[in-house]
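1. Give me the fold of what follows.
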Amino acid sequence: MLLFKSFTILIIGFVLLIKGADFFVEGSSAVAKRLRIPSMIIGMTIVAMGTSLPECAVSVTASLTGNNSLAISNAVGSNIFNLLVVCGVCSLFVPLAVQKSTLQKEFPLSIFCAGLLLLLGYLGMTLGRIDGIIFLIIFAGYLLWMIRSAKRARHNITSADSSSAQKVRSSLSEKEIEEVASHINLLPAWKCLIFILGGMIAIKYGGDFVVDGASTIASSLGLSQTLIGLTIIAMGTSLPELVTSIVASRKDEVDMALGNAIGSNVFNILMVLGIASAISPIAMNMNNLIDIVILVIVSVYIMALVWKKQLLTRAGGVSMLVVYAAYMVYICVREVL
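-> As a prediction, this is how the structure comes out:
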């Protein structure tokens, strides 16, 4: 009975997190549009961060309640899921074209972030407040870089023939950012306030429910929080990325599908773990470090997979799903041993 109740709380928590993030993004975007903030900046910040809000809520809540293993495994597990499953599943619908700028800039940046997480976590086996501040400073620089890249892209498109102009992109391309932002409803002020406050409340309690439910399930089944965080929680909080990327790939918006996954990975490390560790230090264990090493290896593997042809084929996607299945087997065996 307790286990059933815990799973129910967990599912309710996921629903609150995802819908709360939707409401918060819609309300915040409408306010930003009312204040005449450029659509490009709205897309680069509020909309782009929206899919990372569930991970942020869970990791911050876990950190505050002392569930450190859940905090770190949620972010790392979500990143591995984003790369192998989100991108792998999308490539089954249509091969994913990868722009050269992505391979030269954004993919290396995501690998750098994972490497930095490994280094800071290994030093003292703790992500302290200073480490969190370092992540947040880099995150601020990343946002600034995204906005400047989009401004350059807009300038290139308007000053050259649009059919041959090269788009400089970040987690979302310039065209996609404009499309997303252009569909933002100009809501009444009172409705914006309700959406923002309601979204924040839903995210807050959703995070609480997920952490409480996951902790109880782990205790009831004799499983570690690391395993729960890498599997159930990572998959649940990555649902927005999975749904967004699948819809994008089905519409042949392949650049958005891959960009969404890579961008979310950078956000998860710099913003999610940055905020969580700045609020409350996160203790690391050896399994956490091994999972981060696997994240780095997986990132390099996918980068090598698409480097030559700048294309993620269906065969490549299948191999990624096989790698993820093998990883699931590994962490389950590791839990037993």
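2. Just say helix, strand or coil for the spatially most central residue of the chain.
-> Residue closest to the average C-alpha location in the chain (Cα atoms, centre = their mean): residue 264, at 3.0 Å. Following DSSP: H, G, I helix; E, B strand; the rest coil, we place residue 264 in the helix state.
3. what about the closest residue to residue 281 other than its chain neighbours, distance to residue 229?
-> Leaving aside its sequence neighbours, residue 281 sits nearest to residue 128 (Cβ to Cβ, 6 or more residues apart in numbering; 4.7 Å). Yep, even glycine has a C-beta here, placed from its N, CA and C like the rest. Separation of residue 128 from residue 229 (Cβ to Cβ, to the nearest Å): 20 Å.
4. which of these two has more neighbours?
-> Per other Cβ atoms under 10 Å, whichever of residue 128 and residue 229 has more neighbours is residue 229, with 30 against 17.
5. Can you tell me the closest non-neighbouring residue to that one?
-> residue 73 (3.0 Å).
6. what's near enough to touch that neighbour?
-> Neighbouring residues of residue 73 by Cβ atoms under 8 Å, 6 or more residues apart in numbering: 225-230, 233-234, 288, 291.
7. before we move on, what about residue 109?
-> Counting by Cβ under 8 Å, 6+ apart, residue 109 touches 142, 266.
8. check which helix or strand covers it.
-> According to DSSP states H and E, residue 109 maps onto helix 107-122.
9. State the distance from the nearest residue to residue 221 once chain neighbours are set aside to residue 9.
-> Leaving aside its sequence neighbours, residue 221 sits nearest to residue 3 (Cβ to Cβ, 6+ apart; 7.6 Å). According to Cβ to Cβ, residue 3 and residue 9 sit 11 Å apart.
10. likewise residue 77?
-> Taking Cβ to Cβ, one finds residue 77 at 20 Å from residue 9.
11. Those two: who's more crowded?
-> Higher neighbour count among residue 77 and residue 9: residue 77, with 29 against 19, using other Cβ under 10 Å.
12. pretty sure the more buried one contacts residue 232?
-> No. Taking Cβ atoms under 8 Å as the definition, residue 77 is not a contact partner of residue 232, at 9.3 Å.
13. any weak-confidence spans in the protein?
-> Applying pLDDT under 70 to the chain flags residues 25, 29, 32-33, 36-51, 150-187, 240-241, 243-245, 247-260.
14. what are the ranges of the strands in it?
-> 96-97, 126-127, 282-283, 311-312 (DSSP state E).
15. partner strands of the first one, parallel or antiparallel?
-> Strands that pair with strand 96-97, judged by DSSP bridges, come out as strand 311-312 (antiparallel).
16. Check the second one too.
-> Within its sheet, and counting by DSSP bridges, strand 126-127 is paired with strand 282-283 (antiparallel).
17. Report the distance from the strand it pairs with to the chain centre.
-> 20 Å (Cα atoms, centre = their mean, to the nearest Å).
18. For residue 66, state which of the contacts of residue 73 is nearest.
-> Among the contacts of residue 73, residue 225 lies closest to residue 66 (Cβ to Cβ), at 10.4 Å.
19. is it true that the closest one touches residue 216?
-> No. Judged on Cβ under 8 Å, residue 225 makes no contact with residue 216 at a distance of 10.9 Å.
20. Neighbour count: the two, which is higher?
-> Set residue 225 next to residue 216 and count neighbours by other Cβ under 10 Å: residue 225 wins out with 23 against 18.
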